[in-house]
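Undergrad: After the sequence you'll find the predicted model.
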Amino acid sequence: MNIKQNNFFKKSLLSLAVVGALSTSFIAAANTGSAGGDIETISVTASRSPMDIADSLASQVIITRADIARIQPKSVLDVLSTVAGIDISATGGRGQTSSVYMRGANASHTLVLIDGVRISSASLGSTSIQSVAPELIERIEIVKGPRAALWGSDAIGGVIQIFTRKLRSDKHFANATIGSENYQKLSAGTGISHGEGSTSIIVNHEKSAGFDVKDDAESDDDGFDYTSVAINGQQQINDALSLNWLAQVDDGNNEFDSSFGGNENDVKNHIWQLSANYDWKVSDITNHSAISISQNRTSSVGYGNGISKEGGSLFDTRRDQISLVNNSSVNEHWQFNLGTDFYTEELKGNTQYTDKERNVFGVFGHVIYQRGAFSYELSTRYDDVDGIDSETTYNTSIGYQVAAHTRVVLAAGSGFKTPSFNDLYWPADAWSAGNSDLVSETSDTLEFSVISQFDELGLSFNIFSTDIENLIAWKPDENFTYKPENVADADIKGAEFGAKYIGLGGSHQFNISYIEAEDKATGDQLARRAKEHASYQFDTSIGKADVYAEWQYKGERYEYLFDGSSVELDSYQVVNLGLSYPLANAWKLQTKVNNAFNEQYTTSQGYHAQERVAYIGVTFQN
């Protein structure tokens, strides 16, 4: 492959000084409406217990319901694409196969949770995050870098946790939106009070004729039709005990193109969860205990191109999970977290895997210490996975407040990714076979951060290095039978810089990053991942109207074909525009234009990205 290679550490200091990603401190400030301010922003993903992100040593981003309303996304990918360090590759629009690469790691190296529940496919090992409707989301917490020492498998590049939307008692909303490609959306929600508690019920229905996603002779549009329902509630039993419940269902169909012609995919996903929180005290030690029991089920049936739905390919993942976490605050300096997770993964369908079920058990400890200008964090976890060697992972960080507005953080951590059922147990035939002798992919990461927070200005600089070993690749043998092996290693190095400023007529948010994710053996950039990323977001008010403008730039990337050749995918930039205008009596008019200048680009060889589209809708919210 004739691909130009770059040595990260030969880049000039000037290059490093102008690359980066928006990080915790001023993201939080953006969510509260100012670059500074004393309003706490609480996160749970980075420590598995409620914590003010101003005290956290993790690199994280929180996207609130207000941010989602401002962006007016039509998929979760529209939201994630605004976050530095995240690259996205898709084979079309909503419902099509998509990959989310965090900090250059593989798509399966990002753990995706909904209210603490894993939602990945056991067969593929990755997550179809596109099936989650933005209308059902309260907030998204994104932790960059390894977090396996708290969450277990998959959290090499980071963690994305989606929290289901909650409406306060007696609050309601309704929305109707239409747009390009015959897009239609109807959604509504209500909050119901019951004593010292409340329950939210939200329904969302979307459909679209779509667009022709594949660059071939077949020119049909590939549409989708999805319905989602979420019920999310809590009840305060007494001052110490509260109960929570969640039920969420997604039912839909999407059309897609492949090399063999047009196809369809029916999707049925559900999540349910019951949890309890209990506050208690022993001597001077304050404790908060949380226990949850949950189930995730992800089912898909692929058919078409002469194959009936009844004869289609069925893949059905069922995961039953129980988690227990206790947080202890000893005093103003010390905090301890202890927890355990146990879940079973079962795969059903019409593919006869050699094994269809496994158990996973994990236990972890986490300590946080703060005194004066210093902050420390240490966590470690042990995971035992049926059929795979056990793994022990860690995270450690030290932070120092060098000035009133500036802190530096040095962090290190490890992670792992267990092989999927396809990797381990795919039934042998003339063309392919699984490999039950595989071991987990493992990683080690170092990161250095500088974060400065002023009244109207936030600045952040991060530099990180990740080594990933035992990457699984499907390789052909002498008989051209493909089989997975632990044969590849990756070297990822990146630098990130970002700025958030309130002034000059509005809110300005800028970030730029440079990430080299290379195959150690060849020095080639890993597939579908750009090195250069930049974005700028601007919010302002003109009269009664709220205006949003967004610019994104992604550098060139490469696709590697089965014959060993490579294809360069050009760099691109897109502009998205939004406007919200209040009408009478809690009504609001909203419009959005994506890819306003109709940029022609692709993030996956042979597949079109969406051209310019426009939407208009009316929302009622009391």
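TA: It's in.
Undergrad: Show me what counts as buried in the helix or strand hosting residue 394.
TA: Following DSSP states H and E, one finds residue 394 within strand 388-403. Using 16 or more other Cβ atoms under 10 Å as the test for burial, strand 388-403 gives 388, 391, 393, 394, 395, 396, 397, 398, 399. C-beta coordinates here come from the backbone N, C-alpha and C atoms, glycine included.
Undergrad: and the following helix or strand past it, which strands flank it?
TA: Later in the chain than strand 388-403, the nearest helix or strand by DSSP H and E is strand 406-417. Its sheet considered, strand 406-417 pairs with strand 388-403 (antiparallel), strand 441-453 (antiparallel) by DSSP bridges.
Undergrad: so for the longest one, what's the average pLDDT?
TA: The pLDDT scores in strand 388-403 average 96.
Undergrad: contact partners of it?
TA: 57-58, 146-150, 153, 373-385, 407-416, 418-419, 438-440, 442 (Cβ atoms under 8 Å, 6 or more residues apart in numbering).
Undergrad: In space, what's closest to residue 275 - neighbours in sequence excluded?
TA: Nearest non-adjacent residue to residue 275, counting by Cβ to Cβ, 6 or more residues apart in numbering: residue 292, 3.7 Å away.
Undergrad: Please compute how far the helix or strand encompassing that neighbour lies from its chain's middle.
TA: Element membership of residue 292 [criterion: DSSP H and E] is strand 285-303. Strand 285-303 sits 16 Å away from the centroid of its parent chain (Cα atoms, centre = their mean, to the nearest Å).
Undergrad: okay if I get the strands paired with strand 406-417 as TSV plus distance to residue 105?
TA: Output for the strands paired with strand 406-417, formatted as TSV (distance: least, Cβ to Cβ, whole Å):
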stretch	distance to residue 105
strand 388-403	15
strand 441-453	8
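Undergrad: which residues does residue 482 bridge with?
TA: On the basis of DSSP bridges, residue 482 takes part in beta bridges with residue 432, residue 476.
Undergrad: which strands and helices sit next to the strand or helix carrying residue 341?
TA: Using DSSP H and E, residue 341 falls within strand 334-349. Here strand 334-349 touches strand 313-329, strand 357-371, going by 3 or more Cβ pairs under 8 Å, 6 or more residues apart in numbering; DSSP states H and E.
Undergrad: residues near the residue lying closest to residue 428 once chain neighbours are set aside, how many?
TA: Once flanking residues are discounted, residue 428 sits nearest to residue 434: 7.5 Å by Cβ to Cβ, 6+ apart. For residue 434, the count of nearby residues is 22 (other Cβ atoms under 10 Å).
Undergrad: same thing with the one 4 residues further on?
TA: Residues within reach of residue 438, counting by other Cβ under 10 Å, total 21.
Undergrad: ok, back up a step: what about the strands paired with strand 406-417, which gets the closest to residue 79?
TA: Of all the strands paired with strand 406-417, it is strand 441-453 that lies closest to residue 79, at 22.8 Å by Cβ to Cβ.
Undergrad: Select, out of the helices and strands packed on strand 334-349, the one closest to residue 89.
TA: strand 313-329 (21.2 Å).
Undergrad: correct me, but residue 121 touches residue 129?
TA: No - Residue 121 lies out of contact with residue 129 (Cβ atoms under 8 Å); the separation is 11.2 Å.
Undergrad: For burial, what's the neighbour tally of the closest residue to residue 132 other than its chain neighbours?
TA: Of all residues not flanking residue 132 in the chain, residue 76 sits nearest, at 5.2 Å (Cβ to Cβ, 6+ apart). A count of nearby residues for residue 76, using other Cβ under 10 Å, gives 23.
Undergrad: And residue 211, by the same measure?
TA: Number of residues near residue 211 (other Cβ under 10 Å) recorded here: 18.
Undergrad: Ok, residue 350 next?
TA: By other Cβ under 10 Å, 11 other residues sit near residue 350.
Undergrad: And the pLDDT at it?
TA: pLDDT for residue 350: 90.
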